[in-house]
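Novice: Have a look at this fold, sequence not included:
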């Protein structure tokens, strides 16, 4: 079974169960990712796109995800890239790294890796992606770590 956390108004194809904290979302269950209402080891995969930066205690949320995953279960998530050039420029000009006032957290890749290790995940793959769906420039292909808005991270529960 696949769990989607933070589905909003666009459910991920293939998700068997979707949760969201927002009652107006297209979720099956209104729930907080920090307190998942599921037994241990029931999901094969958990997906969470552009959600973790909104959660007060990211460590608790990832620990909960680890708890509900089966052994060798997969986690796929995307988070904003703190090293994105526009985020850095915003920090220099406004003193704010976040792209949105709703973002509580922001990570660089080494920090995200440490967070996953701390919550007992093994990182398997990281891609720098652009969630704005426009064709990347040559500069973006050469320097993806600073020209892509988000990181797509894949990890497994050992």
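Specialist: Arrived safely, thanks for sending. Keep in mind that what you see is a predicted model, and the values were worked out from it rather than measured.
Novice: Which positions in stretch 24-32 come out as buried?
Specialist: 25, 27-28, 31-32 (16 or more other CB atoms under 10 Å). All C-beta atoms are positioned from the backbone trio N, CA, C, and that covers glycine.
Novice: Relative to residue 130, which of the residues you listed is nearest.
Specialist: Distance from residue 130 was checked for each of these by CB to CB. The minimum falls on residue 25, at 24.2 Å.
Novice: how many neighbours does the closest residue to that closest one other than its chain neighbours have?
Specialist: The shortest distance from residue 25 to any non-neighbouring residue, by CB to CB, 6 or more residues apart in numbering, is to residue 8 (5.2 Å). By other CB atoms under 10 Å, 16 other residues sit near residue 8.
Novice: Renumber starting at 80 from here on
Specialist: From this message on, residue numbering opens at 80, which makes the last subject residue 87.
Novice: and the gap between residue 87 and residue 205?
Specialist: Here the distance between residue 87 and residue 205 works out to 23 Å (CB to CB, to the nearest Å).
Novice: May I ask which helix or strand encompasses residue 204?
Specialist: Counting by DSSP states H and E, the element that carries residue 204 is strand 201-208.
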